[in-house]
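Chemist: Here is a sequence with its predicted model. Questions after.
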Amino acid sequence: MKKIKICISLLIILSLLGSCSDEELTMKRTPYSGSEIQTNGYYYYFYTNNSSPPIIFTEVFLLYKNGFIFWDVINDTHDLTILEQIMSQRYNSTQNFKHKWGVYHVTNNQLISERWMQSEGGWLVVDKYSYSIQNDSTLIFENGTKYHFQSFASKPDSTIAYSWIE
């Protein structure tokens with residue numbers, strides 16, 4: 001009887017491990033050709049956590065005309081010049097990380113994005129986000145957070161994303 005319990009436990013564990021693979025995006029990538037948003041830079045939001053001492057974070061995402069979105073969180077600066085230097089350096093080291101990428105659509109004054117997020121188990125899950133378009137340089141996240149647009153002349157390329165997203 002003990003051997004049967006061990007075998008059943010092993011089968012359950014193996015089946016769980018076999019199902020731990022990256023989720024697929026449900027949105028299809030479509031090129032963006034509208035004028036509701038800007039794609040020649042990035043949208044950003046500054047926030048500070050409640051640690052002691054507090055840490056400054058900047059959430060940024062870059063929207064591409066080909067329908068890709070690149071997302072990152074950078075800490076320790078509110079200075080956009082420094083932020084852009086850090087973004088350029090980090091992009092070179094993180095562009096190959098699938099969980100930094102996703103797709104977006106603009107419909108009815110809403111920007112909807114789907115992107116991968118790292119799960120606690122290590123595989124990637126898909127999260128969907130919605131932003132109201134207040135104007136081409138301001139997006140309001142579903143929780144009320146306001147993202148502002150900043151032009152970025154040296155915006156990185158999105159070619160790598162084609163390896164995960166069609």
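Modeler: Cool, the structure landed. Just so it is clear, the structure is predicted and the values come from calculations on it, not from any experiment. Numbers count the residues shown, from 1 in each chain.
Chemist: contacts, neighbours, all on C-alpha from now
Modeler: Will do.
Chemist: Stretch 117-124: which residues count as buried?
Modeler: For stretch 117-124, the neighbour count (16 or more other Cα atoms under 10 Å) marks 117, 124 as buried.
Chemist: start to end distance for it?
Modeler: With Cα to Cα, to the nearest Å applied, stretch 117-124 spans 5 Å between its terminal residues.
Chemist: what residue is smack in the middle of this structure?
Modeler: Centroid-nearest residue in the chain, with Cα atoms, centre = their mean: residue 71, separated by 3.7 Å.
Chemist: Run through the residues that contact that residue.
Modeler: Shown in contact with residue 71 (Cα atoms under 8 Å, 6 or more residues apart in numbering): 59, 60, 61, 62, 100, 101.
Chemist: who are the neighbours in contact with the closest residue to it other than its chain neighbours?
Modeler: Closest residue in space to residue 71, ignoring its immediate chain neighbours: residue 61 at 4.3 Å, by Cα to Cα, 6 or more residues apart in numbering. The neighbourhood of residue 61, defined by Cα under 8 Å, 6+ apart, consists of 42, 43, 44, 69, 70, 71, 72.
Chemist: any idea which of these is closest to residue 114?
Modeler: For the contacts of residue 61, the closest approach to residue 114 (Cα to Cα) belongs to residue 69, at 8.6 Å.
Chemist: Just confirm the closest one contacts residue 105, I think it does.
Modeler: No. Residue 69 is beyond contact range of residue 105, at 9.9 Å (criterion: Cα atoms under 8 Å).
Chemist: In terms of neighbours, single out the busier of those two.
Modeler: Neighbour comparison, residue 69 and residue 105: the larger count goes to residue 69, with 24 against 19 (by other Cα atoms under 10 Å).
Chemist: can you map out the helices along the chain?
Modeler: Assigned by DSSP state H, the chain shows helices spanning 2-18, 80-94.
Chemist: Those: lowest mean pLDDT?
Modeler: Ranked by mean pLDDT, the helices of the chain end with helix 2-18 at the bottom, a mean of 47.
Chemist: Now the top strand by length along the chain: buried residues?
Modeler: The residue-count maximum for a strand in the chain (DSSP state E) belongs to strand 124-135. By neighbour count on 16+ other Cα under 10 Å, the buried set for strand 124-135 is 124, 125, 126, 130, 131, 132, 133.
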